[in-house]
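Chemist: sequence first, predicted coordinates after that:
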Amino acid sequence: MKRSAGCLLILLLLVGGALFGVWRARQAPVVGDAVPFAKLPAPEKQRRREEVRVLESKVKEIQRSAKRGEKKPFAIELTEDQLNTVLQDRIDTSKFPISDLRAGMEPNRLLVQGHIKYQGLEGAATLTGNIEVKNGHLNFIAESLQFGVIPAPSKWKTKVETEISKRLNEALANAPGRIDKVAIEQGKMTISGITD
């Protein structure tokens, strides 16, 4: 009797471990370890919003410098928390098939994740890549695109890469100067260049 109970317990543990393994394999990797903006305490939300306002003031000062005709170097540092505040507090995704955006930054790597609903598919989509500057243009170089743990077809990755590069360069057209470098490090991104 003891032996059959022991075997049953081992069998249950094996089955439970296998089920946990299947469940875990179906879960998308989580980008960043930050608490979502909506779940932050009110004082922390206010502090983050203020950080974003300070960042916006720096960008406006660069714009004013460009309008005055000053040719001077600039560098803007954007932290992972600031980017997540913009993505989660400032962008209305209600009209898009993607929500719950979050970003992470690692050396030479930008990670963006969101919950997607598209043509009957629903789940986490994770995009990783880097931003390069070449001949005055910004290029997003996609490393991977996953839906859950399943890699997306390469044509989707290429399409996303092209669309992000297009949007970055549309934004660059309104920039107050020339961007020479985008450096992504652990938890931050630095954009540097010179005003026109």
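Modeler: Thanks, I have it.
Chemist: C-alpha from now on. contacts and neighbour counts both.
Modeler: Will do.
Chemist: what about the helices in the protein?
Modeler: For the chain, helices defined by DSSP state H occupy the ranges 2-26, 42-67, 80-85, 154-173.
Chemist: which of those helices comes out lowest on mean pLDDT?
Modeler: Ranked by mean pLDDT, the helices of the chain end with helix 2-26 in last place, scoring a mean of 52.
Chemist: give me the distance between Lys134 and Ile141.
Modeler: 12 Å (CA to CA, to the nearest Å).
Chemist: more neighbours: which of these two?
Modeler: Ile141 (20 against 11; other CA atoms under 10 Å).
Chemist: which other helices and strands contact the strand ranked longest in the chain?
Modeler: Across the chain, the longest stretch assigned as strand under DSSP state E is strand 121-134. Judged by 3 or more CA pairs under 8 Å, 6 or more residues apart in numbering; DSSP states H and E, strand 121-134 is in contact with strand 109-118, strand 137-147, strand 177-185.
Chemist: can you say which of those is nearest to Arg49?
Modeler: strand 109-118 (20.2 Å; CA to CA).
Chemist: list the buried residues for the closest one?
Modeler: Arg109, Leu110, Leu111, Val112, Gln113, Gly114, His115, Ile116 (16 or more other CA atoms under 10 Å).
Chemist: what lies in contact with it?
Modeler: For strand 109-118, contacts defined as CA atoms under 8 Å, 6 or more residues apart in numbering pick out 30-31, 97-105, 122-131, 184-185.
Chemist: return a PyMOL selection command for the buried portion of these.
Modeler: Of the contacts of strand 109-118, the buried ones go into a single PyMOL selection, burial set by 16+ other CA under 10 Å:
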select buried, resi 30+31+98+99+101+102+103+104+105+123+124+125+126+127+128+129+130+131+184+185
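Chemist: tally of neighbours for the closest residue to Ile184 other than its chain neighbours?
Modeler: Leaving aside its sequence neighbours, Ile184 sits nearest to Asn108 (CA to CA, 6 or more residues apart in numbering; 4.9 Å). The local packing of Asn108 (other CA under 10 Å) involves 15 other residues.
Chemist: cool, thanks, talk later.
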